[in-house]
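*Asks:* how does the following fold in three dimensions:
(chains A and B, ligands or ions: 1)
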Amino acid sequence: MHLVTYIGLAHHSEQTLAESLRVIGDGHASQPDVLHTCHTLAGFSDGHLARLAPIVARYGEQGHGEVEEPERLHAAGLAQVRSGPVGLLRDLQDLHVLATLVLTTWTVINQAAQGLRDHELLTLAGEAGGETSRQLSWLNTRMKTAAPQALIVAT
Amino acid sequence: MDRIADLWGPRTPHAKGTVWPARVDQYLADGLAEDQVDRWVQSACLLCSNGCGCEIAVRDGRMVGIRGRAGDVVNHGRLGPKGLYGSTPWASSPDRLTHPLVREAGRLVETDWDTAMARIVEVSRRLLADKGPLTHGFYTTGQLFIEEYYTLGVIGKAGLGTPHMDGNTRLCTATSAAAFKESFGADGQPGSYTDIEHCDAIFLYGHNMAETQTVLWSRILDRTRAADPPLIVCVDPRRTPVAREAERTGGVHLAPRVGTNLALMNGLTRELFVNGWVDEPWVRAHTVGAADLRSIVEPYTPREVARVCDVDAGELSRAARIFGESRDVLSTVLQGFYQSHQATASAVAVHNLHLLRGLIGRPGSGILQMNGQPTAQNNRECGADGDLPGFRNWDNPNHVRELAELWNVDPLTIPHWSPPTHAMQILSYAEEGSIGLLWISATNPAVSMPESARVRRVLAGDQCFVIVQDLFLTETAQLADVVLPAAGWGEKTGTFTNVNRTVHLSEKAVDPPGEARSDLEIFLMYADAMDFRDRDGAPLIRWRHPEEAFDAWREASRGRPVDYTGLTYEKLRGPTGIPWPVNDQAPEGTDRLYTDAVFPTDTDRCETYGHDLLTGATVTEQEHRALRPAGRALLKGARHTPPHETPSEDYPLLYTTGRTVYQWHTRTKTGRARTLNDAAPDAWVELSVADAARLEITEGDVVRVESPRGAIQVRARVGQVREGAVFAPFHYGAWDPAGLDVDASPSRQANELTMTVWDPVSKQPYFKTAACRVTKIRAGAGPAPAPTTAASAPATDGVPPTAGGPPTTTRRVDTPHYPNDPGAR
Ligand code: SF4
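*Replies:* Numbers count the residues shown, from 1 in each chain, chains lettered A, B, ... in the order given. As a prediction, the model looks like this:
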């Protein structure tokens, strides 16, 4: 069952997103809103991971042993930050790409969960997808705010 | 009578539903008698957001005193200690700025206006040519007039085209505006002061009204000391006079742990749902979002709130019951919420409580999201705080087009491609140098902004050219490249609007000293020198005088919720200030908004599409349309998150800052009023009895208070804060009536300790979220310099009471007819 693969992807990409949000937040601590909001948003992903754990266990048992996380679908995390206003902009953009992967993963899982009538998974996919959209909205808002100054005036 | 000792003056108790009786308070300096006054000039007090109507006494070309206007709907003739003793002495202070100053070889030297302005224009033009308008930043105040804000707004938005304009209102009232926009679609105070006369309960959230708006508090006391008093509920970590009144009336005082307001509010909200106090049909007809709100607040049981906030679960439930079962409730909110963790979400939660019960838009059921400063409201209305004038939505192309037509400029000139830049972000751009010109008017960020050491570094650095326009050489002006001497209150004419939308005209009473000029004249001088033009090559700014500027603003307000079209200078010369909207439908003004329960939330009309209260992410137009608010109010919530800095082993106490009744802001005016300054001459910190005992600190000891960002050394008042909290007044910087010592070490400035962190929606900095430690330095010689009269009262006896104000008069007069007062009909 390929759903198992996607559950693995959700697990991995949420983890990557949470870690990357913390790296970027800490790296841009001179912008306090970036620091604190990134940590809040990472907390969203932590919550999804915690709720995913029993589901991973369940599908892992039902399926073919361990849930697979195929290398090809791995999203690379952000291990270090860029500096300066343009660096911040680029980092936020990378986070946006990562979060988009997470969102579409939940969308796909949501569809499958309906087919399987798996209520636990369906609720999680719906709510996690909703919170991922909030992560994306903030990234989008912050990029729009930073862009003019970073691209036109900053040195 | 001595109004230092008696903050609120004599009581005039009266029954529920009747008009607040009039009483005229008056003070003349130097023992002058009334017949020695040459003339009385109409104005309104500029020393807090209450906006008491008054008249300035003039003798020999000097302002020598003040009296309340009995006919004014705001104060019915009363004035408080600050208004009485502090309104005029500063004006004739010998250290007024009388000439422009420019920096030469590192020192500020006197010069003339042409030289100073030429220097500004040279830098301004160079930056515009090199990198465009985003190099310009403006940081204003909550103490200029409508005419000045609007003129500056037009210069910034249509002349230069910079989004970097904000006021210190960001530090005092941004959350009030943000919360209105989230709940009701646009800024605008729903309630009225007349709600005090008609309510059955008053909830004061983080609002020490007894000190911040003394006259409004005396209005409440005249109800609570009558035979049928309303119940008072007070949410405050200090045992303030408000808290004591709550105990007296059989209400509740909740003292939540600093940083947990939202958990408390979620608990109150849940109680309304659980106990069936929700007016379901009203909520269905007039709101959106009840189901989501209910699920957000569901985990906040009284027990859970008791755990998070360290309040008694039974007291929380009792407060909720008072809200749920009183017929009419008035709520007021101030800095205890606005400058605290999760500010906007907490302020919005106050709206939610009212909306769930349908308690809005009728006498007695009102909301007063207060302002700190007297003209903060106008900064919000006229667009000098970054918002577009007339509560227009920067994200709505039609709103931008309206302004472009009014000003006859290309809509793209008007910065609307992203949210306006808030004060802390402006500072950060100035820090990195991408803002190369920062113009600061009538505010003192070197003392009032958080993390003082950083602010001083930014303003003193070479990366940004700093202009300061003020009455005195403040701590901030010391760091500027150009200093411009400004005329103050009573030395110029203009209008301003108080907390409950009441517009007053303040007339010029005397000439400003030396070459000082009004802020309006200064802005016009810059506009002339820069030669800003409209699309047809005509001058962009087409007015010269205050009245013409007011008329221009009036046009900008036409058709918007903040409608001034029915107001003129002539009309404002009547017996009372007039609350907006004033238009054909309401020619005498409007006492309260939303009497029809229709809110300006329609997608095409609203001032904002809203935000995620937890993250600050903006809601898009499409999302807003999909919600179809169409005149219904929005119920919005968020869960509580722990504050950004929590106590640790190294910093075990919570640090919170605030005001005292005798001082105003950084004491620029009140510090120069001897009477007021003597009542609170120096900084202090307040500790609870338990913490003081543990730290072996007694009243008056010299202590060091430290956070990870800085330290102060002041005297300790063992007083009324809750255990685990430390309170410091924020007024005291390097300046003192005895002189200015910028290198004073150790510092006494409360903001040395505060964090640079702000609310995700309102962008208001959190002054009440820091951890600290306190250590005793040495025993004191006598009590702390803190007043005894209000929240700073000592826990122990033996401290001499604060007193010593020269005599003022107060006399009962016949209560006149107040237009719009529901008790008068
Ligand atoms: S309450 Fe405020 S406006 Fe009224 S006199 Fe006092 S300081 Fe002035």
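
*Asks:* what segments of the stretch 501-650 of chain B are helices?
*Replies:* Ranges of helices within the stretch 501-650 of chain B are B:519-530, B:546-557, B:569-572, B:621-627, based on DSSP state H, counting those that start in this stretch.

*Asks:* now render those helices as CSV, adding distance to B:Leu160 and mean neighbour count.
*Replies:* Backbone N, C-alpha and C define where each C-beta goes, glycine included. Shown next, in CSV, are these (distance: least, CB to CB, whole Å; neighbours: other CB atoms under 10 Å in any protein chain shown):
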stretch, distance to B:Leu160, mean neighbour count
helix B:519-530, 8, 21
helix B:546-557, 18, 20
helix B:569-572, 29, 14
helix B:621-627, 27, 15
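
*Asks:* turn those into TSV, columns for mean pLDDT and distance to A:Ala112.
*Replies:* Formatted as TSV, those follow (pLDDT from 0 to 100; distance: least, CB to CB, whole Å):
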stretch	mean pLDDT	distance to A:Ala112
helix B:519-530	98	62
helix B:546-557	98	55
helix B:569-572	97	67
helix B:621-627	94	26
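
*Asks:* low-confidence ranges, the chain, go.
*Replies:* I'll assume chain A. A:61-75 (pLDDT under 70).

*Asks:* think we crossed wires, I meant chain B
*Replies:* Those would be B:740, B:742-743, B:825, if you go by pLDDT under 70 across chain B.

*Asks:* how near is A:Thr141 to chain B?
*Replies:* 5 Å (CB to the nearest CB, to the nearest Å).

*Asks:* what residues sit buried inside the helix or strand encompassing that residue?
*Replies:* A:Thr141 is part of helix A:119-148, with elements assigned from DSSP states H and E. Neighbour counts using 16 or more other CB atoms under 10 Å in any protein chain shown place A:121-122, A:124-126, A:128-129, A:131-143, A:145-148 of helix A:119-148 among the buried residues.

*Asks:* name the nearest residue to the residue of the stretch 301-450 of chain B found nearest the ligand, ignoring sequence neighbours.
*Replies:* In the stretch 301-450 of chain B, the residue that lies nearest the ligand is B:Pro374 (6.5 Å; CB to the nearest ligand atom). Once flanking residues are discounted, B:Pro374 sits nearest to B:Leu46: 4.6 Å by CB to CB, 6 or more residues apart in numbering or on different chains.

*Asks:* what is the neighbour count of the one you found?
*Replies:* Counted with other CB atoms under 10 Å in any protein chain shown, the neighbours of B:Leu46 add up to 28.

*Asks:* what's the helix or strand for whichever residue of the stretch 201-350 of chain B sits closest to the ligand?
*Replies:* Closest approach between the stretch 201-350 of chain B and the ligand, counting by CB to the nearest ligand atom: B:Val215, at 3.8 Å. For B:Val215, the enclosing helix or strand under DSSP H and E is helix B:214-224.

*Asks:* one more: A:His48?
*Replies:* helix A:32-62.

*Asks:* residue in chain B with the shortest distance to the ligand?
*Replies:* Closest point on chain B to the ligand, by CB to the nearest ligand atom, is B:Gly83, at 2.4 Å.

*Asks:* before we move on, which element is that residue in?
*Replies:* Counting by DSSP H and E, B:Gly83 is part of helix B:81-86.

*Asks:* can you list contacts of that helix?
*Replies:* Helix B:81-86 has contacts (CB atoms under 8 Å, 6 or more residues apart in numbering or on different chains) with B:3-4, B:7, B:25-27, B:45, B:47-48, B:52, B:54, B:66, B:214-215, B:661-662, B:664, B:669-670, B:673, B:675-676, B:679, B:805-806, B:808.

*Asks:* among those, which lie within strands?
*Replies:* B:Asp25, B:Gln26, B:Tyr27, B:Cys54, B:Ile66 (DSSP state E).

*Asks:* now the second one. Nearest residue, chain neighbours left out?
*Replies:* Nearest in space to B:Gln26, with sequence neighbours left out and distances taken as CB to CB, 6+ apart, is B:Arg67 at 3.7 Å.

*Asks:* appreciated, that's everything.
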